[in-house]
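Trainee: next come a sequence and a model predicted from it.
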Amino acid sequence: MNKVVLWIIILIVVIGGIWLIVANKDNVPEASAEPIKIGFIGPLTGDLANIGANAKAAVEIAVNEVNAAGGIDGRSIEVVYEDGACAGATAANAVTKLINIDKVPAIIGAACSGETLASAPIAEQGKTVLLSYCSTNPAITTAGDYIFRSVPSDSFQGNFAANHIFTNLSKKKVAVIFINNEWGTGIKNAFTKAYQDLGGQVVLSESYEPTSADLRTQMSKVKTSGAELVYFAGQTDGTITGLKQAKELGITLPFFGADSWDDTKVWSELGAIGNGAMFTTVGSNNTEEFKAKMAEKVGPDNIIYCSNYAYDNIHLMANVMKEVGIDATAIKDALYNVNYTGGVGVDPLKFDANGDPVSANYVIKVVKDGKADVMTQ
Amino acid sequence: MEILPQLILNSVIAGSIYALLALGFNLIFGTVKFFDLGYGALTTVGGYVVFWFGKKLGLPTIPSVIIGVLVAGVLGFIIYKLVYQKLRERRASSMILLVASLGVLTLVQAIIAMIFSSQFQTLSRSAGTRHLFHIGTGVITDVQVIIFASSIIIMVGLGLLLKFTTLGKAIRAIGDDEEVSKVVGINTTKIIGYVFFIGSAIAGLAGILVGFDTGIEPVMGLNLLLKGVIAAIIGGVGNVYGGVAGAFLLGFVENFGIWKIAAEWKDAIAFGVLILFLLFKPNGLFGRK
């Protein structure tokens, strides 16, 4: 027994020694030619991997542009990419690593509302700025002082969709199918409340698990629900399977989705099955230059709106850092006062006292032949 | 009540998939007496081999499926030779074999995810041009009919194999008592190898059919396996026909259960039924024959 104790003590001393040496390294001031690190969290794997890859491409374009223009006072910016996998636990790990190991002052992230909601308390506690480019769950409004987002809350999107469906499309009975995660539940609640306030009737409300690939049961219930339209707040995989199974079951009702349907993978996979599907999504201002650069990276006609906002977030962050330096609290304070114009997301980009954007601009897209385009009224 | 025919059809489809899984699982467990979690990985392997040959290389469907089933069977056999046989020779306990099989499952899943990415893929190329059969107000696709037919054919085939062929009798003998089988002169190592090949091939087929019906992803194995295990336990572990009965029972309970309850409770219902059975009828419906 004594030998074991001895080894344990030696192990503790060795590890403790290494820890002390490594910890002291931080006290050495950084050389001023070193790149500034910014964090990025997105779904690089999993259900929304296409959206994550698309956003990453936009971020890379933005970083190249910033660095080509001289970076920030001569220092280039370097983005550390971490995978959130559209899951709270994975995102929480990612943000912890970015804060504690990479010591970034700001993180552009995340895409999925579940990722952002899980990361927010950690970022808030670590006094690190979290600037989401795609998370729309209403709860993020009050997630913290250091938590910002350049896309609007789903309380607006729910309203917008409910109005369009009830008034413009004259559908008074709707079946709601939604993915059982933070984003899906959030927009389901926003839509249901707005739609019922208008006088509409929600005849069915069914969820599906993010991990399940089979929506046959939910669609079977839709078929006999008496609905005039299906509000389908689904993410990529669930939508692909769900719409296919709905077609197999002989459902001819119109399908209406939300911003997650902006994922180009959904419609290219579904082909003709997707024809006629509609969805609300956050509007963006694609410039020819941005379109060309994205086409180089991800192919033509393949821009998901989150990428526009991620691109703007990088440029915005670079501008702010040029003004106030790389202290997270200074960046946070500056963000509340920015007025970013000329972006490809929303123009101008300004934040209210909660860190939400002051303006919300939605469009309705219609799918035809594997592509979704803005509906011309 | 117009949803009733569709519910019945959904139950039959689900029951068929679970039956396929339970068949292979029962075959393996009945013989070697340990929970082979790696079995779940072979459904994934089958699916992805067909994905590779069918979608990436463009082979027609039937050859791809045959290759997929064979590869799954061979891989199951190799895993047995490399991992389980060595452990069993050393008289490893069931616990250790269970853990080893868990390792196999995780490893195979990870390798597949690395090669193919963890994205959800579909196997069928002609999406949406399926043949539909209308039964009452219910609809069933051609793939789903094939799933049902496969489960019945394999159940009958396996039953015949076990009852009438020499191999089948040897398998049953080993299942009864392995030591005595060795004494009587049965080459248990070789026979168990066959068992793993056949069981894994069935798993591969199940994965392929699920892939055609909905789709494949690297982590599909565990969920399918668990449902197959539940079906096997309900029917009486080790009993081929019992597993099939348990599978269809599970399919019906799941789908009728969520008729009135929200669909997200499907898995909870399945596991709830399992717990009830373990509490009140641990030998399942048919017990050990």
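Mentor: Alright, I've got the coordinates. Numbering: from 1, shown residues only, chains lettered A, B, ... in the order given.
Trainee: element containing residue 242?
Mentor: All of this refers to chain A. helix A:236-248 (DSSP states H and E).
Trainee: switch to chain B, that's the one I care about
Mentor: When elements are defined using DSSP H and E, residue B:242 is found to belong to helix B:240-260.
Trainee: pLDDT on that helix, on average?
Mentor: What helix B:240-260 shows for mean pLDDT is 87.
Trainee: can you list the low-confidence ranges for chain A?
Mentor: Filtered on pLDDT under 70, chain A yields the residue ranges A:1, A:23-32, A:377.
Trainee: just the strands in it please.
Mentor: Secondary structure of chain A (DSSP state E): strands at A:36-42, A:77-83, A:106-108, A:129-132, A:147-149, A:173-179, A:201-208, A:229-233, A:255-257, A:278-282, A:362-368, A:371-374.
Trainee: show me which residues of chain B are close to chain A?
Mentor: B:2-3, B:6-7, B:10, B:13, B:117-120, B:122, B:127-128, B:130, B:132, B:139, B:141, B:214-215, B:217, B:219-220, B:223, B:255, B:258, B:262-264, B:266-267 (Cβ under 8 Å from any Cβ of the partner chain). Every C-beta, even on glycine, is put in place using the N, C-alpha and C of the backbone.
Trainee: quick one on the thing from earlier: what angle sits between the helix holding residue B:242 and strand A:201-208?
Mentor: Angle of helix B:240-260 versus strand A:201-208, following axes from the mean of the first three to the mean of the last three Cα atoms, to 10 degrees, is 150 degrees.
Trainee: can the helix holding residue A:242 be found next to chain B?
Mentor: Yes. Judged by Cβ under 8 Å from any Cβ, helix A:236-248 comes into contact with chain B at A:236, A:237, A:240, A:241, A:244, A:245, A:247, A:248.
Trainee: number of nearby residues for residue B:267?
Mentor: Neighbour count for residue B:267, taken as other Cβ atoms under 10 Å in any protein chain shown: 15.
Trainee: do the one 5 residues further on as well
Mentor: For residue B:272, the tally of surrounding residues (other Cβ under 10 Å) stands at 13.
Trainee: and if you look at residue B:59?
Mentor: Residue B:59 sits with 16 neighbouring residues when counted by other Cβ under 10 Å.
Trainee: grab the nearest non-local neighbour of it.
Mentor: Spatial nearest neighbour of residue B:59, chain neighbours left out: residue B:53 (4.6 Å); criterion: Cβ to Cβ, 6 or more residues apart in numbering or on different chains.
Trainee: contacts only, for that neighbour.
Mentor: Residue B:53 makes contact with B:59, B:63, B:64, B:67, B:68, according to Cβ atoms under 8 Å, 6 or more residues apart in numbering or on different chains.
Trainee: re the thing from before, from the residues of chain B next to chain A, which would you call buried?
Mentor: Restricting the residues of chain B next to chain A to buried positions leaves B:3, B:6-7, B:10, B:13, B:118-120, B:122, B:127, B:130, B:139, B:141, B:214-215, B:217, B:219-220, B:255, B:258, B:263-264, B:266, with burial counted as 16 or more other Cβ atoms under 10 Å in any protein chain shown.
Trainee: so which of the residues you listed are in strands?
Mentor: Using DSSP E to define strands, the subset of those located there is B:139, B:141.
Trainee: the residue nearest to residue B:59 - that's part of a strand, no?
Mentor: No. Counting by DSSP: H, G, I helix; E, B strand; the rest coil, residue B:53 is not part of a strand but helix.
Trainee: do you know how far it is from chain A?
Mentor: Taking Cβ to the nearest Cβ, to the nearest Å as the measure, residue B:53 and chain A are separated by 20 Å.
Trainee: that's all I had, so thanks and see you.
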